[in-house]
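**Student:** Below is the structure, and that's it, no one-letter string:
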């Protein structure tokens, strides 16, 4: 389903995101599905992107591993002129402050409904599935239709 | 460091970061083998990173920063351009140390970040002349007190007063031998000045207050500009300014009139307690104001009262500038930005130096519109 939603976009991610996913694997085995996706290219950050990621990291604070995935994605998005899809609100805010286009996972789901790629019913299932991995999302699957309308994401 | 990456050769950037890793590791007195173990790298990988032969990842850099007790930013971005700096390398007369320098570097970066965020604003702050005599130092202290309407009583909320004069301070728990404090002045985007000071919270309370006003003196006088003043003279004049700002003549004289029948020691106890200064500072001020001869001052200093001596005659005081603490407007600015969603909880707590914990952050954060994704 995520592959269908991503169709038409060039999708990149960073090794740091996979490292984060790896850490969450024991608790949420469903995260393992991420390792099998073929539509997501993995790109190592070059030294300048690593410097930018470190700058974002310093602004976001936290311990040695907190926010590393978001920071790496922001750095890639900035350098490639792409949109960073991040579910951490603080990470999105940091990106916005630095002029990086940002979105959340639910932006992608809502776009799929908006463009007729998936039915709303399937969208609520996707949201439930994502929610089951303890991903931070602002709504449940059941409340997704009302929430997405209120956020103006469906028109 | 890398504002314009396309103009900088990758190997140069890599080498600069490697040099910083090597520098921080050496200052932490760690071998490459030990640091490699701490951060989960092969020693040969770390050797190559330090030599600039291998690209460091952001995850490795975050681990290295945590292991060496530095901010990750230290490795990748230059420190803010300081207008005036009194770190140990520039002013050997001013007691300082590496721990103090590091704390000051971090504080300066944090203040720069908050200024860029618009949470703190640089303002025009007049540069006061460095006094050339004790009388001038006393006059300067009286001017500052007058400007703030402080009268001649004790300054109870010293931290807020100093902040209002343009000096952002951080009271931090450092090694007791790290030195009492240090400060740096940054220029802001509005052409104003922002002072940043570190106060070593390991010092006793009266000494912390003295140090804070001492750093304020350096900031207000911008004394690094005054090349004609030998460093030692500047320190003496600033200390005279501190003494008179904390213990103005009229206030001391009033205590003298009220308690001198019970002897100078009784006056010194009242002075130390009510004006919240160290015992030696109180005794020295009685000497400065010619209330006691030097020989008696020395006797008094050697015969410091116990806490019980204070309490037995009804004198007590509350501590301020405890570590960790930061000034009130600064706290308000940081928490305001947290509530507005500009700062993460961990960053807000770091900026407040742990003065409040995660459970004490404001409960409500501003709502935020969820971002819309354009169609491909």
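**Tutor:** All right, it came through fine. Small disclaimer: the values here were computed from a predicted structure and weren't measured. Residues are numbered from 1 along each chain as shown, chains lettered A, B, ... in the order given.
**Student:** show me where chain A has helices.
**Tutor:** Remark: helices assigned in chain A by DSSP state H are A:2-6, A:15-24, A:47-60, A:68-80, A:89-97, A:105-114, A:120-131, A:144-150.
**Student:** With residue B:201 as the reference, name the closest of those.
**Tutor:** Between residue B:201 and the helices of chain A, the shortest gap by Cβ to Cβ is with helix A:47-60, which sits at 23.9 Å. Yep, even glycine has a C-beta here, placed from its N, CA and C like the rest.
**Student:** Off-centre distance for that closest one?
**Tutor:** Centroid separation for helix A:47-60 versus its chain: 18 Å, with Cα atoms, centre = their mean, to the nearest Å.
**Student:** what helices or strands is it leaning on?
**Tutor:** Judged by 3 or more Cβ pairs under 8 Å, 6 or more residues apart in numbering or on different chains; DSSP states H and E, the packing partners of helix A:47-60 are helix A:68-80, helix A:89-97, helix B:10-27, helix B:58-68, helix B:72-76, helix B:345-351.
**Student:** Quick one: the ones you listed as CSV, columns for mean neighbour count and mean pLDDT too.
**Tutor:** CSV is the format used below for those (neighbours: other Cβ atoms under 10 Å in any protein chain shown; pLDDT from 0 to 100):
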stretch, mean neighbour count, mean pLDDT
helix A:68-80, 25, 98
helix A:89-97, 21, 96
helix B:10-27, 18, 95
helix B:58-68, 23, 97
helix B:72-76, 23, 96
helix B:345-351, 20, 97
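**Student:** Residue B:115: which of the ones you listed is closest?
**Tutor:** helix B:345-351 (12.4 Å).
**Student:** mind listing what the residue in the stretch 201-350 of chain B positioned nearest to chain A touches?
**Tutor:** The stretch 201-350 of chain B approaches chain A most closely through residue B:347 (3.2 Å), counting by Cβ to the nearest Cβ. With contact taken as Cβ atoms under 8 Å, 6 or more residues apart in numbering or on different chains, residue B:347 is in contact with A:59, A:60, A:61, A:62, A:90.
**Student:** And the chain, what are its domain boundaries?
**Tutor:** With no chain named, the answer covers chain A. Listed by automatic domain parsing, the domain ranges of chain A are A:2-103, A:105-150.
**Student:** oops, chain B please
**Tutor:** Split by automatic domain parsing, chain B gives B:5-77, B:84-245, B:248-312, B:328-369.
**Student:** what is the mean pLDDT for the third one?
**Tutor:** Same thing as domain B:248-312. What domain B:248-312 shows for mean pLDDT is 96.
**Student:** So what would you say the end-to-end distance of that domain is?
**Tutor:** 26 Å (Cα to Cα, to the nearest Å).
**Student:** Tell me how far that domain lies from the chain's centre.
**Tutor:** 28 Å.
**Student:** rewinding a little: Throw the domains of chain A into CSV and include distance to residue B:59, thanks.
**Tutor:** Formatted as CSV, these follow (distance: least, Cβ to Cβ, whole Å):
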stretch, distance to residue B:59
domain A:2-103, 5
domain A:105-150, 20
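**Student:** Residue A:41 - nearest residue in space that isn't next to it in sequence?
**Tutor:** Counting by Cβ to Cβ, 6 or more residues apart in numbering or on different chains, residue A:12 is the residue found nearest to residue A:41 once chain neighbours are left out, at 5.1 Å.
**Student:** Next up, the contacts around residue 58.
**Tutor:** As the question left the chain open, I've gone with chain A. Taking Cβ under 8 Å, 6+ apart as the test, what residue A:58 contacts is B:71, B:72, B:73, B:77, B:109.
**Student:** Chain B was what I was after
**Tutor:** A:16, A:45, A:50, A:53, A:54, A:57, A:68, A:71, A:72, A:75.
**Student:** Look up how far residue A:53 lies from the closest residue to the third one other than its chain neighbours.
**Tutor:** Excluding its sequence neighbours, the residue lying closest to residue A:50 (Cβ to Cβ, 6+ apart) is residue B:58, at 4.9 Å. Remark: distance between residue B:58 and residue A:53 (Cβ to Cβ, to the nearest Å) = 4 Å.
**Student:** Following the lowest-mean-pLDDT helix or strand in chain B in sequence, what is the next regular element?
**Tutor:** In chain B, no helix or strand scores lower on mean pLDDT, DSSP states H and E than strand B:82-85, which sits at a mean of 61. Downstream of strand B:82-85, the first helix or strand assigned by DSSP states H and E is helix B:98-117.
**Student:** Tell me what angle that following helix forms with helix B:58-68.
**Tutor:** Helix B:98-117 and helix B:58-68 are oriented at 140 degrees to each other (axes from the mean of the first three to the mean of the last three Cα atoms, to 10 degrees).
**Student:** how about the nearest residue to residue B:47, chain neighbours excluded?
**Tutor:** Of all residues not flanking residue B:47 in the chain, residue B:32 sits nearest, at 5.7 Å (Cβ to Cβ, 6+ apart).
**Student:** Burial check on the one you found, number of neighbours?
**Tutor:** Neighbour count for residue B:32, taken as other Cβ atoms under 10 Å in any protein chain shown: 19.
**Student:** same question, the one 5 residues further on
**Tutor:** Residue B:37 has 15 neighbouring residues, counting by other Cβ under 10 Å.
**Student:** Likewise for residue B:316?
**Tutor:** 10.
**Student:** check whether the helix or strand of chain A with the lowest mean pLDDT contacts chain B.
**Tutor:** Counting by mean pLDDT, DSSP H and E, chain A has its least confident helix or strand at helix A:2-6, which shows a mean of 85. No. Residues of helix A:2-6 contacting chain B under Cβ under 8 Å from any Cβ of the partner chain: none, with a closest distance of 9.0 Å.
**Student:** End to end on stretch B:254-265, go ahead and measure it.
**Tutor:** Taking Cα to Cα, stretch B:254-265 runs 15 Å from one end to the other.
**Student:** Could you check how many residues crowd around residue B:262?
**Tutor:** When neighbours are defined as other Cβ under 10 Å, residue B:262 has 12 of them.
**Student:** ok so, going back, any chance of the domains of chain B in JSON lines with distance to residue A:132 as columns?
**Tutor:** Converted to JSON lines, the domains of chain B look like this (distance: least, Cβ to Cβ, whole Å):
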{"stretch": "domain B:5-77", "distance to residue A:132": "27"}
{"stretch": "domain B:84-245", "distance to residue A:132": "36"}
{"stretch": "domain B:248-312", "distance to residue A:132": "58"}
{"stretch": "domain B:328-369", "distance to residue A:132": "24"}
